[in-house]
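Asks: Just need the structure, nothing else, for what follows:
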Amino acid sequence: MKKISIKQKTIIIIALILIVVILSTIFTVNIMKNKNLSKEGYMGATANASSTLVASYIKKGITIGGITGTLEVLDTSDATAKEEDIAWGKTGYVNGIRITGTRIDTVSQGKEAKIYFDSNARLIDDLNNNVVIPEGFKIAEDSATKVEDGIVVEDKDGNQFVWIPAKTGKGVTVHTKAKGDVTIVYKRIDYGKQYGSYSDYSETLPTDEETSVNANGGYYIGRFEAGDKESTEAKTMRAGETENRTVTIKKDQVPYNYVSISNCKSLAERMSSTQGYSAKTKLVSSYAWDTAISIMQITNEDYGKSSEEGNYNDTTFYYTDITGAEKAKNNGSNTLVPTGQTAAVCNIYDIGGNLWEYTTESSSYIGGQYTMRGGCYDNSYAVGPAGNRSNYDGNAYSAYGFRITLYL
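Replies: Sure, this is the predicted structure:
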């Protein structure tokens with residue numbers, strides 16, 4: 001056999017390579033002819049058939065390699081929204097950045113946020129009732145989110161008040177789960193329990209209260225009767241008329257008893273400046289007391305006339321004394337207990353029994369010109385229920401205390 005030269009071998013190899021290239025080209029063209037190019041995202045075989053670019057991957061209006069893009073890109077560079085423009089907990093994208101909303105519209109959102117409001121804030125509760133949160137307050141952690149259950153606000157020292165929706169005249173409509181729509185009017189009410197007759201008691205509606213209540217659709221009442229901070233810290237109940245102590249409106253406080261009517265008014269009015277409130281604090285009026293009971297009676301129909309949830313000598317309950325010890329208050333015992341130890345109604349404590357509470361209402365009945373409300377630890381709940389009126393001389397006694405209201 002004739003030996004093949006190197007030159008011949010080279011020619012053969014080149015020929016084989018050319019054959020492979022030609023066959024590959026033919027094979028590829030046949031495949032491309034059988035493809036539906038428009039379904040694969042190409043503009044057509046003549047517009048760069050070998051490209052792997054897809055129109056939906058290219059920005060709309062841009063052409064690359066003969067392929068015109070269809071991708072629409074949202075431009076957020078001109079967005080102006082801020083966190084406070086978006087509802088609490090909701091998210092959005094502004095200028096390509098994901099932000100979480102901080103705007104608070106509801107009581108539930110405010111409770112979750114745990115912030116102190118830097119101005120009065122108008123919110124709505126779970127049933128679409130209006131609530132105004134005072135500047136410098138937050139919604140308490142144990143607050144309800146419906147008016148009928150008691151919406152509680154708290155200052156930076158832990159003092160607490162409960163929102164009472166009301167207006168004078170035709171009143172305000174409160175949406176409730178318990179009774180449907182209920183009208184609450186800011187007014188004095190005869191609950192049928194008093195020393196003497198209802199006509200023996202009188203009070204002219206204070207102008208500042210009327211203006212505030214009607215402008216804001218309500219007011220706040222102390223969640224607890226007034227407490228004495230210094231005595232609480234000393235873990236000692238008050239034994240006499242020690243004036244000018246620091247007033248607290250908190251649970252588990254020494255009740256601020258042995259207090260005269262003049263000192264009650266002074267302490268109540270001074271609290272707003274002492275705490276730095278923009279709102280005004282006052283000794284509770286008969287209007288504020290009676291209207292609060294009308295809200296409480298949405299869930300407890302007879303609270304004004306029969307408030308056995310309070311501390312009376314004919315009630316039995318367990319409580320924590322001022323030293324932190326757990327004790328039983330038995331039927332037949334006259335025991336003054338720390339604030340907030342009795343059962344709450346609408347998140348309000350002690351209106352039905354613990355101390356008699358001085359108000360700004362006057363009395364012409366025999367025995368004194370100043371009006372006390374509610375019951376007391378040494379009375380039965382039949383004698384001194386929450387709606388009861390009694391009259392005294394305005395001096396300081398062990399069974400007398402007071403409650404503070406707040407107006408925006």
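Asks: Helices of the stretch 151-300 of the chain, residue ranges please.
Replies: For the stretch 151-300 of the chain, the helices defined by DSSP state H, counting those that start in this stretch cover 207-216, 229-234, 261-275, 286-296.
Asks: quick one: contacts of the last one?
Replies: For helix 286-296, contacts defined as Cβ atoms under 8 Å, 6 or more residues apart in numbering pick out 147-148, 162, 164-166, 174, 184-189, 191, 201, 203, 205-206, 209, 219, 221, 303-304, 345-346, 348, 351, 359-361, 371, 373, 386-387, 403, 405. Quick note: C-beta positions are derived from backbone N, CA and C, even for glycine.
Asks: In PyMOL, select just the buried ones from these.
Replies: In PyMOL, this line selects whichever of those come out buried by 16 or more other Cβ atoms under 10 Å:
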select buried, resi 147+148+162+164+165+166+174+184+185+186+187+188+189+191+201+209+219+221+303+304+345+346+348+351+359+360+361+371+373+386+387+403+405
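Asks: mean confidence for the helix or strand harbouring Asn391?
Replies: Using DSSP states H and E, Asn391 maps to strand 389-392. Computed over strand 389-392, the mean pLDDT rounds to 94.
Asks: helices and strands around that strand, which ones?
Replies: With contacts defined as 3 or more Cβ pairs under 8 Å, 6 or more residues apart in numbering; DSSP states H and E, strand 389-392 has these neighbours: strand 356-363, strand 370-373.
Asks: Any chance of JSON lines for the ones you listed, columns mean pLDDT and distance to Pro338?
Replies: What follows is the helices and strands packed on strand 389-392, written out as JSON lines (pLDDT from 0 to 100; distance: least, Cβ to Cβ, whole Å):
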{"stretch": "strand 356-363", "mean pLDDT": "97", "distance to Pro338": "16"}
{"stretch": "strand 370-373", "mean pLDDT": "96", "distance to Pro338": "20"}
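Asks: Can you lay out those strands as JSON lines showing distance to Ala113?
Replies: Below are the helices and strands packed on strand 389-392 laid out as JSON lines (distance: least, Cβ to Cβ, whole Å):
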{"stretch": "strand 356-363", "distance to Ala113": "33"}
{"stretch": "strand 370-373", "distance to Ala113": "36"}
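Asks: So for Gly240, which of those strands sits nearest?
Replies: Taking Cβ to Cβ, strand 356-363 is the member of the helices and strands packed on strand 389-392 nearest to Gly240, at 17.2 Å.
Asks: So which elements touch that closest one?
Replies: strand 201-202, helix 261-275, strand 280-283, helix 286-296, strand 370-373, strand 389-392, strand 400-402.
Asks: Of these, which is nearest Glu309?
Replies: From those, taking Cβ to Cβ, the stretch that ends up closest is helix 286-296, at 9.8 Å.
Asks: Lys235 contacts Thr323, correct?
Replies: Yes. Contact criterion Cβ atoms under 8 Å: Lys235 and Thr323 qualify, at 5.1 Å.
Asks: rewinding a little: any chance of the helices and strands packed on strand 356-363 in a markdown table, with distance to Ser380 too?
Replies: A markdown table is the format used below for these (distance: least, Cβ to Cβ, whole Å):
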| stretch | distance to Ser380 |
| --- | --- |
| strand 201-202 | 21 |
| helix 261-275 | 25 |
| strand 280-283 | 26 |
| helix 286-296 | 19 |
| strand 370-373 | 16 |
| strand 389-392 | 14 |
| strand 400-402 | 18 |
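Asks: Mind checking those for the one nearest to Tyr116?
Replies: helix 261-275 (12.4 Å).
Asks: Which parts of the closest one count as buried, going by neighbours?
Replies: Ile261, Asn263, Cys264, Leu267, Ala268, Met271, Ser272, Gln275.
Asks: now the closest residue to the second one other than its chain neighbours: how far from Leu267?
Replies: So that's Asn263. What sits nearest to Asn263 in space, not counting adjacent residues and going by Cβ to Cβ, 6 or more residues apart in numbering, is Glu243, at 5.4 Å. Using Cβ to Cβ, to the nearest Å, Glu243 is found at 8 Å from Leu267.
Asks: Mutual contacts of these two, please.
Replies: Contacts common to Glu243 and Leu267, judged by Cβ under 8 Å, 6+ apart, are Val259.
Asks: for the stretch 1-150 of the chain, what spans make up the helices?
Replies: According to DSSP H, counting those that start in this stretch, the helices that the stretch 1-150 of the chain contains are 6-34, 107-113.
Asks: For the closest residue to Thr360 other than its chain neighbours, list the residues it contacts.
Replies: The spatially closest residue to Thr360, leaving aside those adjacent along the chain, is Ser285, at 4.7 Å (Cβ to Cβ, 6+ apart). If you count contacts by Cβ under 8 Å, 6+ apart, Ser285 has them with Glu203, Pro206, Glu209, Thr359, Thr360, Glu361, Thr405.
Asks: on that earlier part again, between the helices of the stretch 1-150 of the chain, which gets the lowest average pLDDT?
Replies: Among these, helix 6-34 scores lowest, at a mean of 67.
Asks: excluding its backbone neighbours, what's nearest Gly227?
Replies: Nearest to Gly227 is Gln253, by Cβ to Cβ, 6+ apart, at 2.6 Å.
Asks: Asp190 versus Ser262, what's the distance?
Replies: For Ser262 relative to Asp190 (Cβ to Cβ), the value is 27 Å.
Asks: same question but for Tyr365, I mixed them up
Replies: Taken as Cβ to Cβ, the span from Tyr365 to Asp190 is 14 Å.
Asks: Mind checking which of these two has more residues around it?
Replies: Tyr365 (17 against 14; other Cβ atoms under 10 Å).
Asks: Provide the secondary structure category for the more buried one.
Replies: coil (DSSP: H, G, I helix; E, B strand; the rest coil).
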